[in-house]
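Trainee: Any chance you could fold what I've pasted below:
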Amino acid sequence: MRDRRSGVRGPRGRVLGFLGVKGGVGTTTVALNTGAALAAGGRKTIVAELRGRFGTLAGITSRVVPHGNITALLTLEPDAINPIELNTRITPYSSELGFLYGPQRASEQRDLAPGHAGAITGALARTTQFAVLDLPPEPSAANREV
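Mentor: Residues are numbered from 1 along each chain as shown. Below is the predicted model of the structure:
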């Protein structure tokens with residue numbers, strides 16, 4: 001399969017997106033449990049908070065975020081987002097499960113543009129067997145791009 005952004009051929013992982021109707025309804029928990037179940041079945045999985053505003057995944061997983069988060073990717077041009085850039089922001093949990101956390105501090109918040117959303121999703125699909133996305137609840141051009 002050819003990636004429409006980069007023209008790169010190769011296997012692509014599956015992307016599963018979860019979108020709640022409003023904040024606080026457990027969408028992050030559903031995404032996390034889905035990712036954990038896939039990883040327990042031996043599938044390489046990344047759970048990603050695909051948002052430019054605060055996320056709760058780090059709190060739920062009781063993890064310090066040592067490898068950065070999505071904010072660093074949002075400062076890049078979409079064409080510069082690739083599996084190498086993505087992997088430097090993934091926090092491993094186990095050999096099969098990793099996390100891409102959303103912003104953790106107010107100073108890290110950014111708008112999530114459609115180009116960034118598509119580029120990050122494409123890089124995730126080239127990096128892992130399953131990308132499980134925790135999407136923000138509001139309708140947006142970025143969510144439509146994913």
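
Trainee: Please enumerate the strands of the protein.
Mentor: 14-19, 45-49, 91-92, 97-100, 130-135 (DSSP state E).

Trainee: highest average neighbour count across those?
Mentor: Among the strands of the chain, strand 45-49 has the highest mean neighbour count (mean count of other CB atoms under 10 Å), at a mean of 28. In this view, the C-beta of every residue, glycine as well, is placed from N, C-alpha and C.

Trainee: Tell me the strands beside it, with direction?
Mentor: Taking DSSP bridges as the criterion, strand 45-49 pairs within the sheet with strand 97-100 (parallel), strand 130-135 (parallel).

Trainee: Identify the residues contacting the closest residue to L97 other than its chain neighbours.
Mentor: Spatial nearest neighbour of L97, chain neighbours left out: A39 (3.8 Å); criterion: CB to CB, 6 or more residues apart in numbering. Listed by CB atoms under 8 Å, 6 or more residues apart in numbering, the contact set of A39 reads 45, 93-94, 96-97.

Trainee: again, but for L76
Mentor: E85.

Trainee: So it versus T88, what's the distance?
Mentor: With the distance defined as CB to CB, to the nearest Å, L76 ends up 11 Å from T88.

Trainee: low-confidence ranges in this protein?
Mentor: Scanning the chain for pLDDT under 70 picks out 1-11, 22-25, 65-67.

Trainee: and the residue nearest the centre of it, what are its bridge partners?
Mentor: Nearest residue to the geometric centre of the chain (CA atoms, centre = their mean): A48, 2.6 Å. Note on A48: beta-bridge partners L100, L133, judged by DSSP bridges.
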